[in-house]
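> what would the 3D arrangement of this be:
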Amino acid sequence: MAQKFLPAGVVLVSLLLASCEKPKPEVPPPNVTVTPVIQQDVTVSRTWVGLLDGYQNASIQAQVTGYLLTQNYKEGSFVKKGDLLFTIDPRPFQAALAQAQASYANSVAKAQLQQITLTRQTQLYQTKVISQQEYDTSYQDTQAAIAAAAAAEAQVQAAQVNLDYCTIQAPFDGIAGIAQAQIGDLVGPGGRTTVLTQLSQVDPMKANFAITEAEYLQAAPLLAKLQSRTEVDTPAKIELKLANGTQYPHLGKFDFVNREISSSTGTIQITALFPNPDSVLRPGLFARITAPSEEIQGALLVPQASTVELQGNFFVVTLGPGNVAKPVFVKLGPTFGQLQVVTGPLKVGDKVVVGGVEKARPGTTVNPQPYQAPTPSPAAPTKVTSN
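Take a look at the predicted model:
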């Protein structure tokens, strides 16, 4: 059978076209930035809404009934322990004290006379001049006179206490509130007003906040550690943000955790102490309190920018032998500044892709470059927060 040949012109054109084609250049691997997985202990912090309260709060009350004579402080001012706040008309109590003192003196005189009589009766009894009954009577009369003198002395002490109650002093350093009674009012248990004012110690200040039962169980090991420390050894790590959005300049310390979880709210109270040298904080203020809630030992950390979400799941891209990209699914924990706590099949030193993750498709060979983390601003200190 005869073979068919192409025309010579067609063959020539094909050879010319083939000679003009250039070989396709080899595409270089895409550049990506990578960083190793690091491991360190981190402390997780959470934020709650808290209510401030005085370290000590007292209702200053009138303990005796009488007419209010003076108010010796300025409302809303700072007073020191022992400063005079109010006085009640002391004259009725001075008279009662004088009467009690006179009664006591009379009782003492009677007791002394009865003691002299008993001494004589004892001598007569020993010489058989008086009977046993007469001696016993004298002895019992003496004991009764001594008891009456003791009772009279107690009445003097009670009258003195009531007189002392006429001067009402501050029990501790603090800020005194609005007076609840006016000069001339009948105050005390039998009067119109019992509570005269309120006094609060404001340095330090208590910050009370409630955490849920689940949060408490998670934080229980850390709380137990803090409970075992003395106030001096307790670190100041608790932050306070006021209602106007300003950050309070002083850090607070853990004080105590309440004894029980409320059955009505399912929460338990935590109390922190904040220094308040300028008396800026006052009882009743609301604030946002950021405090450590958990310690994670040996946490694995990667840059936040290296995590990728895919349909509700998260993964990071790691580099295997030959710089081949491989996705690894992880679970996210709390953030630590610009880092992210992760759990999953990662180990310390694994290289994860941070910049150019979209180029590092599974099985793709990449050109790794060192990742340079941005420098945090001095005005924004690094801290751990929970998601």
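
> hey, let's count contacts and neighbours off CA atoms from now on
Fine.

> now do the buried residues in the longest helix that the chain contains.
With DSSP state H setting the assignment, residue counts place helix 91-126 as the longest helix in the chain. Within helix 91-126, the residues scored as buried using 16 or more other CA atoms under 10 Å are 93-94, 96-97, 100-101, 103-104, 107-108, 110-112, 114-115, 118, 121-122, 125.

> which elements pack onto that helix?
Packing contacts for helix 91-126, counted by 3 or more CA pairs under 8 Å, 6 or more residues apart in numbering; DSSP states H and E, involve helix 132-164.

> name every strand pairing with the helix or strand following the helix it packs on and say which way it goes.
The helix or strand immediately downstream of helix 132-164 is strand 167-169, counting by DSSP states H and E. Take DSSP bridges as the rule and strand 167-169 pairs in its sheet with strand 84-88 (antiparallel).

> contacts for the partner strand?
66-73, 166-170 (CA atoms under 8 Å, 6 or more residues apart in numbering).

> can you check stretch 34-45 too?
In contact with stretch 34-45 (CA under 8 Å, 6+ apart) are residues 290-302, 334, 336, 346-355, 368-371, 383-386.

> now with 6 Å, please.
Outside stretch 34-45, the residues that touch it by CA atoms under 6 Å, 6 or more residues apart in numbering are 291-302, 348-354, 370-371, 384-385.

> just those residues: which are in helices?
Short answer: these have none in helices (DSSP H).

> does the residue nearest the centre of the chain belong to a helix, a strand or coil?
Nearest to the mean C-alpha position of the chain, counting by CA atoms, centre = their mean, stands residue 272 at 1.5 Å. Using DSSP: H, G, I helix; E, B strand; the rest coil, the structure places residue 272 in strand.

> quickly note the distance from residue 69 to residue 269.
Residue 69 sits 42 Å away from residue 269, going by CA to CA, to the nearest Å.

> element containing residue 309, please.
Assigned by DSSP H and E, residue 309 belongs to strand 308-310.

> list the buried ones in that strand?
The neighbour-count check on strand 308-310 (16+ other CA under 10 Å) flags residue 308 as buried.

> and the strands in the stretch 151-300 of the chain, which stretches?
Here the stretch 151-300 of the chain has its strands, by DSSP state E, counting those that start in this stretch, at 167-169, 174-176, 186-187, 195-212, 236-242, 252-257, 267-274, 286-303.

> now render those as CSV, adding mean pLDDT and distance to residue 42.
As requested, the strands of the stretch 151-300 of the chain are exported to CSV (pLDDT from 0 to 100; distance: least, CA to CA, whole Å):
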stretch, mean pLDDT, distance to residue 42
strand 167-169, 97, 49
strand 174-176, 96, 39
strand 186-187, 94, 58
strand 195-212, 95, 21
strand 236-242, 92, 14
strand 252-257, 93, 18
strand 267-274, 95, 21
strand 286-303, 91, 5
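
> could I get these as CSV with distance to residue 148?
Listed next are those as CSV, based on distance: least, CA to CA, whole Å:
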stretch, distance to residue 148
strand 167-169, 30
strand 174-176, 44
strand 186-187, 33
strand 195-212, 37
strand 236-242, 60
strand 252-257, 51
strand 267-274, 52
strand 286-303, 59
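
> tell me which of these sits nearest to residue 280.
Comparing the strands of the stretch 151-300 of the chain by their distance to residue 280 (CA to CA), the top pick is strand 195-212, with 8.9 Å.

> you'd agree residue 303 is up against residue 339?
Yes: Residue 303 lies in contact with residue 339 (CA atoms under 6 Å); the separation is 4.3 Å.

> neighbour count: these two, which is higher?
Counted by other CA atoms under 10 Å, residue 303 and residue 339 do not tie: residue 303 has more neighbours, with 25 against 19.

> hang on, the earlier thing: gap between the longest helix of the chain and the chain center?
Between the centre of helix 91-126 and the centre of its chain there are 59 Å (CA atoms, centre = their mean, to the nearest Å).

> next one: stretch 208-219
With CA atoms, centre = their mean as the basis, stretch 208-219 stands 12 Å off its chain's centre.

> same check, this time on stretch 311-330
Its chain's C-alpha centre and that of stretch 311-330 lie 42 Å apart, by CA atoms, centre = their mean.

> same thing with stretch 232-252?
Put simply, stretch 232-252 sits 9 Å off its chain's centre (CA atoms, centre = their mean).

> likewise for stretch 250-262?
Worked out by CA atoms, centre = their mean, stretch 250-262 lies 4 Å from the chain centre.
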